[in-house]
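# let's see this in three dimensions:
(2 chains)
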Amino acid sequence: MSAAAGPPPGRIALVTGAAGGLGAAIVETLARGGWTVVGATHVGGEWAADLGAPGAAAGLVARVVARYRRLDLLVANHATMAMGAVDDVDPADWWRIVDVNLGGSFHLARAAAPALRDAGGSITFIASEWGITGWPGATAYAASKAGLIGLTKALARELAPAVRVNALAPGVVDTPQLRVDAGAAGVSLDEIRRRYAAAAPLLRIAQPAEIAEGVAFLAGPGGAYYTGQVLSPNGGTTLA
Amino acid sequence: MTGSATGDAPVVLVTGASSGIGAATARRFAAAGYRVAIGFHRGEAAAERVAAETGGRSYGADVADADAVARMVGAVEVELGPIAVAVCNAGFYEERPLAEVTDDLWTRTLRVHLGGCFHVARAVVSGMRDRGDGSIVTVASELALIGGEEVAHYVAAKAAILGFTRALAREVAPRIRANAVAPGAVDTPLLPDRDRGPGYTDTLPLRRIGRPAEVAEVIFTLAEARWCTGATWAINGGAAIQ
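Sure thing, here's the model as predicted:
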């Protein structure tokens, strides 16, 4: 991204799930575009937060605003994922996925809304192709990601015109998460990559940086007239 | 055929069936010869009346409680027979600005709406799989498709139901089907008075709110549509033409 397309100096972005493959790419892409980026993770460091825990999202946002005195962009990218048959999964495990992915994002948005309103900022929720298409063994994950798409539309209406709210629903991205899918399918990492690639009209899976470019676009001047929308970088898997 | 259902008749479980869309759905299935299980939480007296009217039985359970739902499903299957159709309809509607959606309201909304689908599905799927047939219909909302102001919690929960239903449909196929309906403003106790007047109805292409029986008809048809799974049928007077 050219410097000209970036935000004015001193704009603050909060990106959750920053330790993951996609989150790290979002942090890097935004930083390269001129954003000051706070990357929050669940694994420690200054901005650690377990977003499934009550109060964690509000605490994280409060720390960011206390440090930087403003917040211009929230990218709710964190997620947890486990496969399990709907009638076999432990309900507590099932709800953990919904509470982290959807609940954590909601709590972040609620906490960040006042600062984003002051700044005329925006929110991008990272949803998923599976929220649109569903996937066997992924009822909780699909529910959480479809819920984010609903949340996007509701908050886009409620927070307009001050705050824009959009979502990205990526297809399969080449991240360590693929190991979970490979394990669930009982195949090698290369085989799961090959299967996913074959299912997309573009015959490949996405690289994290490609998805991150979409995040930067929605947050930047090119995205200024988008709100309540879902961009679906997925290689064509949801053509309809 | 109300009251004529026999032990051989298929059984439908409808949650949230003490009033509104749920009660109308119970009546529609009863009219087609089903034995109906009237799920309720707080409206026991109303549920008893719907049960009497439909020749069914009422079953109390908080659908937010996975164990309570499992017990309810167990009782229905013992007393009425195997559940052929489950309609996950229980819900409530409460408008709140984002800043006033408390943690409790958020969690309760997710547990009742989405949990009401997950908890019922997890309890009925294994029996349906054993019998090689079954149909699950979840009740979402037009707001899941188009959003709305001061209902972020409700919209998120209803949209989550759509994702859940699509994943479920793929998972339990080919013997079991799972579909969703997304009703618009319907004349039920949940509908705010604001949405009954011309200020709202004039914005609808069909110029009126829906009747519970109209939604029940769609739910019934969808439940029996044997080549339909993972679908969302919108019924909203044209509120969400997209």
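# how distant is the helix or strand bottoming out on mean pLDDT in chain A from the center of its chain?
In chain A, no helix or strand scores lower on mean pLDDT, DSSP states H and E than helix A:178-185, which sits at a mean of 87. With CA atoms, centre = their mean, to the nearest Å as the basis, helix A:178-185 stands 20 Å off its chain's centre.
# ok, now stretch B:128-140?
Computed by CA atoms, centre = their mean, the chain-centroid distance of stretch B:128-140 equals 13 Å.
# got it, and stretch B:165-172?
Centroid separation for stretch B:165-172 versus its chain: 17 Å, with CA atoms, centre = their mean.
# quick one: low-confidence parts of the chain?
This is for chain A. A:1-5, A:240 (pLDDT under 70).
# should've been chain B
Within chain B, the ranges that satisfy pLDDT under 70 run B:1-7.
# circling back: and the contacts of the least confident helix or strand of chain A?
Contact partners of helix A:178-185, identified using CB atoms under 8 Å, 6 or more residues apart in numbering or on different chains, comprise A:81-83, A:137, A:172, A:188-189, A:191-193, A:195-196. Where C-beta positions appear, they are placed from N, C-alpha and C, glycine not excepted.
# which one is residue 113 nearest to, not counting chain neighbours?
No chain was given, so I picked chain A. Of all residues not flanking A:A113 in the chain, B:L98 sits nearest, at 5.8 Å (CB to CB, 6 or more residues apart in numbering or on different chains).
# can you look at chain B instead?
In space, and not counting its chain neighbours, B:H113 is closest to B:A157: 3.9 Å by CB to CB, 6+ apart.
# can you name the helix or strand that that neighbour falls in?
Per DSSP states H and E: B:A157 is located in helix B:152-172.
# other SSEs contacting that helix?
helix A:104-119, helix A:129-133, helix A:139-159, helix B:103-131, strand B:134-139, helix B:143-146, strand B:176-183 (3 or more CB pairs under 8 Å, 6 or more residues apart in numbering or on different chains; DSSP states H and E).
# now do 6 Å
Judged by 3 or more CB pairs under 6 Å, 6 or more residues apart in numbering or on different chains; DSSP states H and E, the packing partners of helix B:152-172 are helix A:139-159, helix B:103-131, helix B:143-146, strand B:176-183.
# interface residues of chain B facing chain A?
B:66, B:98, B:103, B:114, B:121-122, B:125-126, B:144, B:147-149, B:152, B:155-156, B:159-160, B:162-164, B:166-168, B:170-171 (CB under 6 Å from any CB of the partner chain).
# now, of the residues you listed, which are buried?
With neighbours counted by 16 or more other CB atoms under 10 Å in any protein chain shown, the residues of chain B next to chain A contain buried members at B:66, B:98, B:114, B:121-122, B:125, B:144, B:147-149, B:152, B:155-156, B:159-160, B:162-164, B:166-168, B:170-171.
# checking the closest residue to A:H107 other than its chain neighbours next. Helix, strand or coil?
Distances taken as CB to CB, 6+ apart put A:A57 closest to A:H107, at 3.6 Å, once the chain neighbours are dropped. State at A:A57, reduced to three classes by DSSP: H, G, I helix; E, B strand; the rest coil: helix.
# contact partners for A:A57?
A:51, A:104, A:107-108, A:111 (CB atoms under 6 Å, 6 or more residues apart in numbering or on different chains).
# distance to B:V215 and neighbour count added to these, as TSV?
Listed next are those as TSV, based on distance: CB to CB, whole Å; neighbours: other CB atoms under 10 Å in any protein chain shown:
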residue	distance to B:V215	neighbour count
A:L51	36	23
A:G104	33	27
A:H107	33	26
A:L108	35	26
A:A111	36	23
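# about what we covered before: how about TSV for the helices and strands packed on helix B:152-172, with distance to B:Y93 added?
Output for the helices and strands packed on helix B:152-172, formatted as TSV (distance: least, CB to CB, whole Å):
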stretch	distance to B:Y93
helix A:139-159	13
helix B:103-131	9
helix B:143-146	9
strand B:176-183	12
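# out of the contacts of helix A:178-185, the closest to chain B would be?
Closest approach to chain B among the contacts of helix A:178-185 (CB to the nearest CB): A:G137, at 6.1 Å.
# number of nearby residues for that closest one?
20 (other CB atoms under 10 Å in any protein chain shown).
# list the contacts for the closest residue to B:A160 other than its chain neighbours?
Ranked by CB to CB, 6+ apart and with sequence neighbours excluded, the top spatial neighbour of B:A160 is A:G147, at 3.3 Å. For A:G147, the contact set (CB under 6 Å, 6+ apart) comprises A:102, B:156, B:159-160.
# dump the residue contacts of residue 233.
With no chain named, the answer covers chain A. Taking CB under 6 Å, 6+ apart, one finds A:170, A:211, A:214 in contact with A:P233.
# my bad, the chain I had in mind was chain B
Neighbours of B:W233 in contact, by CB under 6 Å, 6+ apart: B:181, B:218, B:222.
# same thing with B:G81?
So B:G81 contacts B:V11 (CB under 6 Å, 6+ apart).
# what do you get for A:K145?
Counting by CB under 6 Å, 6+ apart, A:K145 has contacts A:127-128, A:130-131, B:163.
# using JSON lines, lay out these together with distance to A:A184.
Formatted as JSON lines, the contacts of A:K145 follow (distance: CB to CB, whole Å):
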{"residue": "A:A127", "distance to A:A184": "20"}
{"residue": "A:S128", "distance to A:A184": "15"}
{"residue": "A:W130", "distance to A:A184": "13"}
{"residue": "A:G131", "distance to A:A184": "18"}
{"residue": "B:G163", "distance to A:A184": "18"}
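# which one of those residues has the most neighbours?
Busiest of the contacts of A:K145 [other CB under 10 Å] is B:G163, holding 34 neighbours.
# still on that earlier bit, pull the most distant pair out of the contacts of A:G147.
A:L102 and B:A159 (9.2 Å; CB to CB).
# hang on, B:Y59 is in a strand, isn't it?
Yes - counting by three-state DSSP, one finds B:Y59 located in a strand.
# do I have it right that it meets B:V36?
No - using CB atoms under 6 Å, B:Y59 makes no contact with B:V36, being 10.4 Å away.
# and the closest residue to A:V86 other than its chain neighbours, how many neighbours?
Among residues not flanking A:V86 along the chain, A:T139 sits closest, at 4.9 Å (CB to CB, 6+ apart). Residues near A:T139, counting by other CB under 10 Å, number 34.
# swap in A:P221?
A:P221: 11 neighbours (other CB under 10 Å).
# what about it, distance to A:T133?
A:P221 is 32 Å from A:T133, where distance means CB to CB, to the nearest Å.
# same check, this time on B:V181
From B:V181 to A:T133 the distance is 19 Å (CB to CB).
# including neighbour count, secondary structure and distance to B:G210, could the contacts of A:P233 go into CSV?
Below are the contacts of A:P233 laid out as CSV (neighbours: other CB atoms under 10 Å in any protein chain shown; DSSP: H, G, I helix; E, B strand; the rest coil; distance: CB to CB, whole Å):
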residue, neighbour count, secondary structure, distance to B:G210
A:P170, 24, coil, 36
A:I211, 24, helix, 40
A:G214, 21, helix, 38
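# and which of those residues is nearest A:D90?
A:P170 (27.9 Å).
# isn't the closest one right next to A:E210, touching?
No - with contact defined as CB under 6 Å, A:P170 does not count as touching A:E210 (8.6 Å).
# most tightly packed of the helices and strands packed on helix B:152-172?
For the helices and strands packed on helix B:152-172, the largest average neighbour count (mean count of other CB atoms under 10 Å in any protein chain shown) is found in helix A:139-159, namely a mean of 29.
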